[in-house]
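Student: Have a look; sequence and predicted model below, questions after that.
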Amino acid sequence: NVLILDFGSQYTQLIARRVRELNIYCEIHPFHKIPEYVADFKAVILSGSPFSVRAEDAPHPDLSEIRGKVPLLAVCYGAQYLAHFSGGEVAPSNLREYGRANLSFIKDGELFFENITEGSQVWMSHSDTIKELPTGAIRLASTYDVLNAAYKIEGEETYAIQFHPEVYHSTDGKQLLENFLIKIAKLESDWTPDSFVESTVDELKAKLGNDKVVLGLSGGVDSTVAAVLLHKAIGENLHCIFVNNGLLRKNEFHSVLQQYEGMGLNVKGVDASARFLSALAGISDPEEKRKAIGRVFIEVFDDEAHQIEDAKWLGQGTIYPDVIESVSVNGPSVTIKSHHNVGGLPDFMKLKVVEPLRMLFKDEVRRVGASMDLDPELLGRHPFPGPGLAIRILGDITEEKVRILQEVDAIFINGLKENNLYDQVWQAGAILLPVQSVGVMGDERTYENCVALRAVESTDGMTADWVNLPYEFLQKTSNKIINGVKGVNRVVYDISSKPPATIEWE
Ligand code: XMP
């Protein structure tokens, strides 16, 4: 429906999220790869960019198939780009044009600014300014510092704004996008979780026919929602594999497996704990641990996938942030994250790949899951790393250490749930430190392990801060752990943010 052309702005994905919050489907494409089906889009949005239009290596896409033909909204760099190449003038600004600003003038009677009034707060982030509007342009809005904060081109459905409507600090940003997309471009708000499920299931049916699909379940939200969609489309032809690597949370393998079975999924639980633990024996280096776990997982999964005769497809829970082609800020080169290069791969990875969630953001995956009546507890589950407790046991891994950490982790996580703190935390867990310390229990001297508790708030795991958990909760949890878990006599709470620390300790 809507094409977002990315010029490398850090906010491009936010534009997509805001558009989708209006229940309108959109796709992000890099500026130098305008899709051939551009005429099929009902509206186009140009993103901001870290470049200056005056720089030689700045993005200069050919918009001749877009401008004047499709309703166009140019944001920040986009607005400057239109001005610079269509008879206007863009020059370095000598005023501070970062952060908060307020609209001091809005032209009367413009659909684009309907329901937005003077004084509305907008968010600026640019160092150039539009000195002269392009040919045929009419000024629509100003801020106290920026005369040409918004304009339109007469005779076209082309609108340009210097501020960022996609950030929350632009108070009426969503209203503005709604004005542009719904009132001007006449798009309908019909892309809902329900409609997504319906159309995806139809597409999957058509694509897969009677083929068999193999899918690895992890217990996480993405793989589960992907499995449920595939199951709706092809039923028993979806073969799920859920591997116990022995590094899951306490009881998780059995309880999650039961949950999957209860959902009607055709799932095989494979307990390969012993195989993983023996591959990990004596390994202390975090990256070596990850490699060993990855290798054994592939072996186990490949063995299992082979037992499913005639499997044609590999189902994956890949989501949109993993597949968006991003525009590099160090030059208009492109980095693509792709896990699907064939050759030298195990057999199952040579299967064709089907990824029903590849156009969804994480919060949309949750909404789609909710619209299919998935258990809210499952949808709200904290992220858990693939290598599991292996990277939360610093140093080498033994069965005994896994047992200790599982007990500690369970007390912590259950405590969070019982105290209604779980949903206020993005991710939490316990870490077993390779540190023994002296303690006293009863009249006895102890010399036992130390565990750290970690709870962070975050939106995407890229940055995070520790959560200010109530002292009383920490106190109770510490008591429970030390009294309840043999082998632990000291508990500490991690109060480091990311950066400079990371969420996991390894
Ligand atoms: P860090 O420790 O890098 O973690 O701040 C960020 C997020 O990534 C998770 N994480 C992993 N997930 N395999 C995974 O699947 C890994 O090797 C891995 N290492 C870290 C971590 O739990 C957090 O959510």
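Tutor: Noted; the coordinates are in hand. Numbering: from 1, shown residues only.
Student: Quick check: which ranges of the stretch 251-400 of the chain have low pLDDT?
Tutor: The stretch 251-400 of the chain contains residues with pLDDT under 70 at 326, 328-345.
Student: What parts of it come near the ligand?
Tutor: Residues of the stretch 251-400 of the chain lying close to the ligand by CB under 6 Å from any ligand atom are Arg290, Pro383, Pro385, Gly386, Pro387. Yep, even glycine has a C-beta here, placed from its N, CA and C like the rest.
Student: can you give me the strands in the stretch 401-506 of the chain?
Tutor: 427-441, 444-457, 465-466, 488-493 (DSSP state E, counting those that start in this stretch).
Student: For the ligand, find the nearest of these.
Tutor: strand 427-441 (5.2 Å; CB to the nearest ligand atom).
Student: the domain parsing of this protein - what is it?
Tutor: For the chain, automatic domain parsing gives the domain ranges 2-184, 193-379, 391-493.
Student: Please render those as JSON lines that adds distance to Glu504 to the earlier fields.
Tutor: As requested, the domains of the chain are exported to JSON lines (distance: least, CB to CB, whole Å):
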{"stretch": "domain 2-184", "distance to Glu504": "24"}
{"stretch": "domain 193-379", "distance to Glu504": "9"}
{"stretch": "domain 391-493", "distance to Glu504": "5"}
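Student: Quick check: the gap between Val440 and Ile482.
Tutor: Separation of Val440 from Ile482 (CB to CB, to the nearest Å): 11 Å.
Student: whoops, I mixed them up, Asp303
Tutor: 42 Å.
Student: Of the two, which one has the most company?
Tutor: A count of neighbours by other CB atoms under 10 Å puts Ile482 above the other of Asp303 and Ile482, at 18 against 14.
Student: list the contacts for that one?
Tutor: Taking CB atoms under 8 Å, 6 or more residues apart in numbering as the contact definition, Ile482 lies against Val488, Asn489, Arg490, Val491.
Student: Same question for Arg139.
Tutor: By CB under 8 Å, 6+ apart, the residues touching Arg139 are Lys107, Leu133, Leu147, Asn148, Ala150, Tyr151.
Student: Next: Lys107.
Tutor: Counting by CB under 8 Å, 6+ apart, Lys107 touches Phe113, Ile138, Arg139, Leu140, Ala141.
Student: Helix or strand: which one has the third one?
Tutor: With secondary structure defined by DSSP states H and E, Arg139 is part of strand 137-143.
Student: returning to that earlier point: and the domains of the chain, which one is worst for confidence?
Tutor: Confidence, taken as mean pLDDT, is least for domain 193-379 of the domains of the chain (a mean of 90).
Student: that older thread, mind putting the strands of the stretch 401-506 of the chain into TSV with mean neighbour count and distance to the ligand?
Tutor: Formatted as TSV, the strands of the stretch 401-506 of the chain follow (neighbours: other CB atoms under 10 Å; distance: least, CB to the nearest ligand atom, whole Å):
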stretch	mean neighbour count	distance to the ligand
strand 427-441	17	5
strand 444-457	18	8
strand 465-466	16	12
strand 488-493	19	17
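Student: Put together CSV for those, with distance to Lys362 on each row.
Tutor: Shown next, in CSV, are the strands of the stretch 401-506 of the chain (distance: least, CB to CB, whole Å):
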stretch, distance to Lys362
strand 427-441, 13
strand 444-457, 15
strand 465-466, 19
strand 488-493, 27
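Student: wait, which of those is closest to Arg358?
Tutor: strand 427-441 (23.6 Å; CB to CB).
Student: Quick one: residues in contact with that closest one.
Tutor: Residues outside strand 427-441 that contact it (CB under 8 Å, 6+ apart) are 382-384, 392-395, 401, 404-405, 408-409, 412-413, 416, 422, 445-456, 458, 461, 464, 467, 489-490, 494, 503, 505.
Student: try stretch 452-460
Tutor: Residues from elsewhere that reach stretch 452-460 (CB under 8 Å, 6+ apart): 321, 362, 412, 416, 424-431, 433, 464-467, 469, 474, 477, 491-494, 498, 503, 505.
Student: Break down the stretch 301-450 of the chain into its helices, ranges please.
Tutor: 320-323, 362-371, 376-379, 399-418 (DSSP state H, counting those that start in this stretch).
Student: Just put the ones you listed in CSV and tack on mean neighbour count.
Tutor: Formatted as CSV, the helices of the stretch 301-450 of the chain follow (neighbours: other CB atoms under 10 Å):
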stretch, mean neighbour count
helix 320-323, 16
helix 362-371, 19
helix 376-379, 14
helix 399-418, 19
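Student: To Leu177, which of these lies closest?
Tutor: That would be helix 362-371 among the helices of the stretch 301-450 of the chain, by CB to CB, at 16.9 Å.
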